[in-house]
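S.K.: predicted model and sequence below, questions to follow.
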Amino acid sequence: MTGRKTPGLDPELHAYLVDHGSPPDDLLVRLRAETEERFGSASGMLIAPEQGAFLTMLARVTGARHAVEIGTFTGYSAICIARGMGSTGRLVCLDISEEFTSVARRYWDEGGVADRIELRLGDGVELLRALPAEPTIDLAFIDADKRQYIEYLEELLPRLSPDGVIVVDNVLWGGKVIDEGDRHEFTDAIRDFNDLVARDDRLTSVMVPIADGLTFITRRAADD
């Protein structure tokens, strides 16, 4: 398993895509393998390899020094973000599961990034509200309870630095977002979030078909 792939992208083309980018190193390969072995179908919550490489690059090219991740699972995406920020970066990871994140902690230690990461456990919205109110977050990655996506966004926006970026995963939801017959609460939640972002005049956004879809959000500049 390689995480959720872009809807309509066949396995051979996906393998080609991953092979022609910076590949996951041994640490990330072993983390994925252990996650799949221990947690079975839940391992589908792992981001795809190309997403990991992209998050590392994004953290690096934006010069992010303060980042927040909502939804850490077994720590794959956190490693990628922390590596991109370098030794001076600080990443706050928010998750609800001690079981999943206990795996993350081991790999953070082994990967030499544990000193850059602070893990906080509890409800994501409440943990966001406990963060400082100042606009200091350079990069945020949302990949948690789909029903709370709008609340995560609203808590992050006032805390986003002037050039900060919010990255949101699973916005294509396996292609189900355009299936009007699918009324699952998660599908409806993703649709509601996507619709809100598209019409919100506070925001500039772009949705791109990386893995299961990523939306990039910044606050709209005064002269936009």
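M.R.: Arrived safely, thanks for sending. Residues are numbered from 1 along each chain as shown.
S.K.: tell me the secondary structure of L91, please.
M.R.: Under the three-state scheme (DSSP: H, G, I helix; E, B strand; the rest coil), L91 adopts strand.
S.K.: list the residues that contact it.
M.R.: A67, V68, E69, A78, I81, A82, M85, R116, I117, E118 (Cβ atoms under 8 Å, 6 or more residues apart in numbering). All C-beta spots, glycine's among them, are computed from the backbone N, C-alpha and C.
S.K.: which one of those residues is nearest to Y107?
M.R.: Of all the contacts of L91, A78 has the smallest distance to Y107: 9.0 Å, by Cβ to Cβ.
S.K.: the closest one should be in a helix, yeah?
M.R.: Yes: counting by three-state DSSP, A78 is part of a helix.
S.K.: that one against E118, yeah?
M.R.: No: applying Cβ atoms under 8 Å as the test, A78 and E118 come out as separate, 10.4 Å apart.
S.K.: tell me which of these two has more neighbours.
M.R.: A78 (29 against 12; other Cβ atoms under 10 Å).
S.K.: on the three-state scheme, V167 is what?
M.R.: strand.
S.K.: can you name the residues bridging to it?
M.R.: With DSSP bridges as the criterion, V167 is bridged to F141, F216.
S.K.: contacting residues around it?
M.R.: Here V167 is in contact with L55, L58, L139, A140, F141, I142, L214, T215, F216, I217 (criterion: Cβ under 8 Å, 6+ apart).
S.K.: nearest the geometric middle of the chain, what residue?
M.R.: F141 (3.8 Å; Cα atoms, centre = their mean).
S.K.: all the strands of this structure, residue numbers only.
M.R.: For the chain, applying DSSP state E gives strands covering 66-70, 90-95, 117-121, 137-142, 160-169, 203-208, 214-219.
S.K.: since that was my last question, I'll sign off now.
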